[in-house]
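Asks: Sequence first, predicted coordinates after that:
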Amino acid sequence: MNGKFIVLEGLEGAGKTSSVIQIVKVLNQHGIYDILMTHEPGGTPLAETLRQLIKDEKSNESITNHAEVLLLYAARVQLVEQVIKPALARGTWIIGDRHDLSSQAYQGGGRGVDAHFLKMLRTTILGTFHPNLTFYLDIPPAVGLKRIYTHSKLDRIELESIEFFERVRARYQELAVENKRIITIDASRSLKVVNNEIRSILTLWLHTKEGCSMS
Ligand code: Z5A
């Protein structure tokens, strides 16, 4: 019996963290208690070290776009091979706060890194591994950023321009339309409405062949 990998994606302040709680509740209601939460970049000692390198502003050296991509994939492959795949094989369900779609959107859309290069990297490193279900929480950057501006310290990526986040959102939207495993949720609505929609969609999905815990 294999576990399933459910991922939350979206811009800053879209409400990914808040949605994790709803997903856990629904899974529990369906008798699924063996659940592991992951976040990217991060999730192993090496991946957490890479996370700091990716997020921290360097005063005397800017990280090139390709260096950023490679650091992200180094962190991802560590997490996938050392944590996610073994857990899924044990029957554990995984809720991921971000995964590969973030690189396609932020580095591909936001930074303009070549889509073929990203695809090649993805295929070489992850092969056919992919989440069973992704919730993409869609939000205009201005709304999401307003929610997180209350945080004490913004990281290197959070300090990007609104145009950068508009490009990230546009790429997310494009990719979500192309892939039926990605469900778009309008996350600009109230938390209550967003949570209700996630709960209903997940409940339906758990009764499909793809979502059934026995498949
Ligand atoms: N990154 C990348 O570039 N490429 C990659 O491949 C990967 C990542 C994997 C990781 O940051 C950064 O790395 C991220 C993308 C980049 N950077 N940026 N910019 P992180 O892990 O530190 O954080 P995050 O994932 O970007 O954000 P977050 O803080 O976890 O945000 P969130 O989970 O979406 O939001 P939240 O904590 O659930 O909610 C934020 C606030 O909004 C909170 O006060 C909530 O109560 C409020 N909220 C949430 N939903 C609502 C609604 N519906 N209404 C009102 N208020 C709400």
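Replies: Everything's here; your move.

Asks: Might you list the low-confidence residue ranges for the protein?
Replies: 1, 59, 151-152, 213-215 (pLDDT under 70).

Asks: buried stuff in the helix or strand encompassing Leu204?
Replies: For Leu204, the host element (DSSP states H and E) is helix 191-206. For helix 191-206, burial by neighbour count (16 or more other CB atoms under 10 Å) applies to 194-195, 197-199, 202, 205-206. Every residue, glycine included, has its C-beta placed from N, CA and C.

Asks: try stretch 141-159
Replies: Within stretch 141-159, the residues scored as buried using 16+ other CB under 10 Å are 141, 144-145, 157.

Asks: what does stretch 125-140 give?
Replies: Neighbour-count burial for stretch 125-140 flags 126, 129, 131-139 (criterion: 16+ other CB under 10 Å).

Asks: and the residue nearest to the spatial centre of the chain, how far is that from Leu8?
Replies: The residue lying closest to the centre of the chain (CA atoms, centre = their mean) is Arg98, at 1.5 Å. Using CB to CB, to the nearest Å, we find Arg98 at a distance of 7 Å from Leu8.

Asks: so what sits against both of the two?
Replies: Counting by CB atoms under 8 Å, 6 or more residues apart in numbering, the residues touching both Arg98 and Leu8 are Lys16.

Asks: mind checking the SS state of the residue lying farthest from the centre of the chain?
Replies: Computed with CA atoms, centre = their mean, the residue of the chain farthest from its C-alpha average is Asn60, at 29.7 Å. At Asn60, secondary structure determined by DSSP: H, G, I helix; E, B strand; the rest coil is coil.

Asks: Let me see the ranges of the helices in this protein.
Replies: Secondary structure of the chain (DSSP state H): helices located at 16-29, 45-55, 65-79, 85-90, 100-102, 115-126, 141-148, 162-178, 191-206.

Asks: Could you dump those into a markdown table and include distance to Thr184?
Replies: Below are those laid out as a markdown table (distance: least, CB to CB, whole Å):
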| stretch | distance to Thr184 |
| --- | --- |
| helix 16-29 | 13 |
| helix 45-55 | 26 |
| helix 65-79 | 23 |
| helix 85-90 | 25 |
| helix 100-102 | 12 |
| helix 115-126 | 20 |
| helix 141-148 | 15 |
| helix 162-178 | 5 |
| helix 191-206 | 10 |
